[in-house]
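> Predicted model and sequence below, questions to follow.
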Amino acid sequence: MANITWIMEDGSEISAEVKDGLNLMEAATANNVPHIEGECGGCLSCATCHVFVDPAWFAKTGEIDDIEDTMLEMTDVEREDNSRLSCQIVASAALDGLILRVPEPE
Amino acid sequence: MAAPIVIVGAGQAAASFISRHVTLGSQQPVLLIGDEAHPPYQRPPLSKKYLLGALERERLFIRPLEWYADQAVELRFDTRINSIDRDLKKIITNDGESIEYDKLLLCTGASARSLPADIGGTLDSVFTLRSIADIDKMSPQFQAGRKLLIVGGGYIGLEAAATSRQLGLEVTVLELADRILQRVAAAETSNYFRDLHSGHGVDLRESVRMTRLLSEDGAVRGAELESGEVIDADLVLIGIGSSPNTELGQAAGLDCDNGIRVNEICQTSDPGIYAAGDCTSFFRNGQQIRLESVQNAADQGDLVARVLAGEAVTYTALPWFWSDQYDCKLQIVGLNQGHNHTVIRPGANASSMSVWYYRDAELLAIDSMNEPKSYAFGRKIIEAGKHPTAAQVADPATDLKALAMS
């Protein structure tokens, strides 16, 4: 289990206990986090589950592979150094306390 | 109490509508009616991870069941709608219950075509692939060593072929046209996937007409080809396309043309009735088209929620698609209909390339095989209305990102 917190641009927060093995796009849609769509179901084709990872946590979310790195180029809100596609982050105890910021497209 | 927005058909378009409706803070109640036993779920993994047994059923659900109750959305499963009374703004269920609507959204989807019964379409162990129930029925039989015959070399058939090879089945694919994917892709893309499947041991037959399925004690045992050849099979999967579910709309007198006709705000010929997803047909690039894709269903469902909330939006989304077969990730952007030539962009290795579709100098679409840069930057290039030259695209040294940003 990992407690994950999503912070919106207006400062509001959503926190949830996420089962190990679920990816954080699934966790976000299950917990009604706005602006996380995950249309392609997590197969790296839509870039609609973009999040900014709290810098203190970034390294713990794992490596960005070439496909994710490329797909991050087509997010609605431009990528930053701490951008991830949340379908590629898998919940585990190591991520307990993780904070994600949710970009809001225009 | 005011009548709710009623959605008929619990698929991707419906889920997308509800998500946007909730995000926009719309207060109007929503009733979602589906004819399956599940809340809206993702269909693409059915032929891949779900058939493989690598994904639990609940993970197919676009939102968990409880989510709908939390959003005050009422769900009804296993319910078919018999008719629409447009004058009284009511729908009638197959149990004869009548339900009032304020606005009606038809998300009735499409149905897999099957073979006629007189050539074996209803034999045991003959399957189509469209729903969770379809997979749950077929997967116990998809055992290593069994012989699977797939009729139709389109995306569904090829994805099922790849999954079945991973499960250890012997797989034969029959394609009536002179090449697989003929209806949807250029010869170069067909060639790529022919090589991919042949390399994984699929017996792929093109330009082959099957005359009938053969049976023994009511179960399929093979297929007879026009040449007289008989192909043995324990299982048959029919992948010959799908038809839009327009019966309900048609019976209610809505304009239909290979789909329920909708305008640029997904409104049918009745202004109180909207439609979204695989069941719709709409005008794009000078022709009436119908798309079967997650993107189209999700974007149209989303658009209807915005329209009903009073936003001035129209449907202009650029289509995109994907398919996963073995270790190949195919990503497609744009619509290639009407192209008159293609340009090949070599990839970084032997298993990667992209096919760029042009009508004269105009870039229409891209098939990208293990070449996500062509897809991601190609999408930006098309969205920006840019048309790189054939020489630029064919040169692997061309920086697509720079081209997209220029």
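Arrived safely, thanks for sending.
> tell me the helices in chain A, going along the chain?
A:24-30, A:66-71 (DSSP state H).
> need those helices in CSV with distance to residue A:18, mean pLDDT and mean neighbour count, can you?
Placement of C-beta: from N, CA and C, glycine included. Listed next are the helices of chain A as CSV, based on distance: least, Cβ to Cβ, whole Å; pLDDT from 0 to 100; neighbours: other Cβ atoms under 10 Å in any protein chain shown:
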stretch, distance to residue A:18, mean pLDDT, mean neighbour count
helix A:24-30, 4, 96, 25
helix A:66-71, 20, 95, 19
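> got the residues of chain A near chain B?
Residues of chain A found near chain B (Cβ under 8 Å from any Cβ of the partner chain) are A:22, A:26, A:29-30, A:32, A:34-35, A:37, A:39-41, A:43-47, A:66-67, A:70-71, A:73-74.
> contacting residues for residue B:138?
B:51, B:127, B:129, B:235, B:237 (Cβ atoms under 8 Å, 6 or more residues apart in numbering or on different chains).
> Also residue A:24?
A:4, A:18, A:49, A:51, A:86, A:87, A:89, A:90, A:91, A:100.
> Can you pull up the residues of the stretch 51-200 of chain B that come close to chain A?
Going by Cβ under 8 Å from any Cβ, the residues of the stretch 51-200 of chain B near chain A are B:59, B:62, B:63, B:64, B:67, B:70, B:71.
> Pretty sure the third one sits in a strand.
No - remark: residue B:63 does not belong to a strand; assigned using DSSP: H, G, I helix; E, B strand; the rest coil, it is coil.
> re earlier: tell me the one of the contacts of residue B:138 nearest chain A?
Using Cβ to the nearest Cβ, residue B:51 comes nearest to chain A of the contacts of residue B:138, at 14.6 Å.
> Grab the nearest non-local neighbour of residue B:400.
Residue nearest to residue B:400 in three dimensions, not counting chain neighbours: residue B:377, with 3.8 Å by Cβ to Cβ, 6 or more residues apart in numbering or on different chains.
> Could you report the neighbour count for the one you found?
Counted with other Cβ atoms under 10 Å in any protein chain shown, residues neighbouring residue B:377 total 22.
> quick one, phi psi at residue B:173?
Dihedral angles of residue B:173 (phi, psi; degrees, to the nearest 10) stand at phi -120, psi 130.
> Report pLDDT for residue B:217.
pLDDT for residue B:217: 91.
> Return the distance of the residue nearest the centre of chain A relative to chain B.
For chain A, residue A:86 is the residue whose C-alpha lies nearest the centre (Cα atoms, centre = their mean; 2.9 Å). Per Cβ to the nearest Cβ, to the nearest Å, residue A:86 is found 15 Å from chain B.
> circling back to that earlier point, for the residue nearest to residue B:400, list the residues it contacts.
Shown in contact with residue B:377 (Cβ under 8 Å, 6+ apart): A:73, B:400, B:401, B:403, B:404.
> State the helix or strand in which the last one lies.
According to DSSP states H and E, residue B:404 maps onto helix B:400-405.
> quick revisit: so can I have CSV of the contacts of residue B:138 showing neighbour count and secondary structure?
Output for those, formatted as CSV (neighbours: other Cβ atoms under 10 Å in any protein chain shown; DSSP: H, G, I helix; E, B strand; the rest coil):
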residue, neighbour count, secondary structure
B:51, 23, helix
B:127, 24, strand
B:129, 20, coil
B:235, 22, strand
B:237, 27, strand
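> so what's residue B:375 up against?
So residue B:375 contacts A:45, A:70, B:320, B:331, B:332, B:333, B:354, B:366, B:368 (Cβ under 8 Å, 6+ apart).
> Look at the nearest residue to the second one once chain neighbours are set aside and report its pLDDT.
The one in question is residue A:70. Nearest residue to residue A:70 in three dimensions, chain neighbours excluded: residue B:372, at 4.2 Å (Cβ to Cβ, 6+ apart). Looking at residue B:372, its pLDDT stands at 95.
> Tell me if I'm right that residue B:372 and residue A:74 touch.
No - with contact defined as Cβ atoms under 8 Å, residue B:372 does not count as touching residue A:74 (9.5 Å).
> one step back: rebuild the helices of chain A as CSV, extending it with distance to residue B:362.
Shown next, in CSV, are the helices of chain A (distance: least, Cβ to Cβ, whole Å):
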stretch, distance to residue B:362
helix A:24-30, 35
helix A:66-71, 25
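> Go through the ones you listed and name the closest to residue A:56.
helix A:24-30 (16.5 Å; Cβ to Cβ).
> quick one: low-confidence ranges for chain A?
In the prediction, chain A carries no residues with pLDDT under 70.
> Just the strands from it, written as ranges.
Secondary structure of chain A (DSSP state E): strands at A:2-7, A:13-18, A:50-53, A:83-85, A:99-101.
> for the first one, the distance to its chain's centre please.
Yep, that's strand A:2-7 we're talking about. Distance of strand A:2-7 from its chain centroid, counting by Cα atoms, centre = their mean, to the nearest Å, is 10 Å.
> helix, strand or coil for the residue of the stretch 151-300 of chain B at minimum distance from chain A?
As assessed by Cβ to the nearest Cβ, chain A sits closest to residue B:298 within the stretch 151-300 of chain B, at 5.0 Å. With three-state DSSP as the basis, residue B:298 sits in helix.
> what's the distance between it and residue B:364?
Distance of residue B:298 to residue B:364, given as Cβ to Cβ, to the nearest Å: 22 Å.
> In terms of neighbours, single out the busier of these two.
residue B:298 (28 against 20).
> Tell me the confidence at that one?
Taking residue B:298 on its own, its pLDDT is 97.
> Please report the distance of it from residue B:11.
To residue B:11, residue B:298 is 10 Å away according to Cβ to Cβ.
> Tell me what residue B:365 is bridged to.
Going by DSSP bridges, residue B:365 is paired in beta bridges with residue B:334, residue B:357.
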